[in-house]
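Undergrad: coords please:
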Amino acid sequence: TIDCSKLSSLPNLDFTINGKAWSVPGKDLVIQSGGTCLFAMMGMDIPTGPKWILGDVFMRKFYTVFDYENAQVGFAEPTY
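TA: Presented below is the predicted three-dimensional model:
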């Protein structure tokens, strides 16, 4: 768990994907439920090295397109 009173002081988490940095604010990395705050990222330790599931934490912040035909994923920053 994370101390809910410290959400505003959490640092950003930057992901570098294909040479571009994608920054997610610390407060967006936390799920608040019933007065409890939980870190919303999950790491996986697999034989080829550590991996991260970006999931909804990342996709809430950035527009994400899954191009199944070309086996690729695209990201963009929203303009709202």
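
Undergrad: contacts, neighbours, all on C-alpha from now
TA: Fine.

Undergrad: Please give me every residue in contact with residue 38.
TA: By CA atoms under 8 Å, 6 or more residues apart in numbering, the contact list for residue 38 reads 1, 2, 30, 31, 32.

Undergrad: Now do the buried residues in whichever strand or helix holds it.
TA: Per DSSP states H and E, residue 38 falls inside strand 36-39. Applying a neighbour-count criterion of 16 or more other CA atoms under 10 Å, one finds residue 37 buried in strand 36-39.

Undergrad: Now restrict the contacts of residue 38 to buried residues only.
TA: The neighbour count (16+ other CA under 10 Å) marks 30, 31 as buried among these.

Undergrad: Can you spell out which helices and strands pack onto the least confident helix or strand in the chain by mean pLDDT?
TA: Least confident helix or strand, the chain: strand 49-53 with a mean of 74, by mean pLDDT, DSSP states H and E. The contact analysis (3 or more CA pairs under 8 Å, 6 or more residues apart in numbering; DSSP states H and E) places strand 49-53 against strand 42-46.

Undergrad: Which elements pack onto the strand it packs on?
TA: Checking 3+ CA pairs under 8 Å, 6+ apart, strand 42-46 ends up next to strand 49-53.

Undergrad: neighbouring strands for the strand it packs on, and are they parallel or not?
TA: strand 42-46 (antiparallel) (DSSP bridges).

Undergrad: Show residues contacting the strand it pairs with.
TA: In contact with strand 42-46 (CA under 8 Å, 6+ apart) are residues 50, 51, 52, 53.

Undergrad: what's residue 30 in contact with, if anything?
TA: Listed by CA under 8 Å, 6+ apart, the contact set of residue 30 reads 2, 37, 38, 39, 40.
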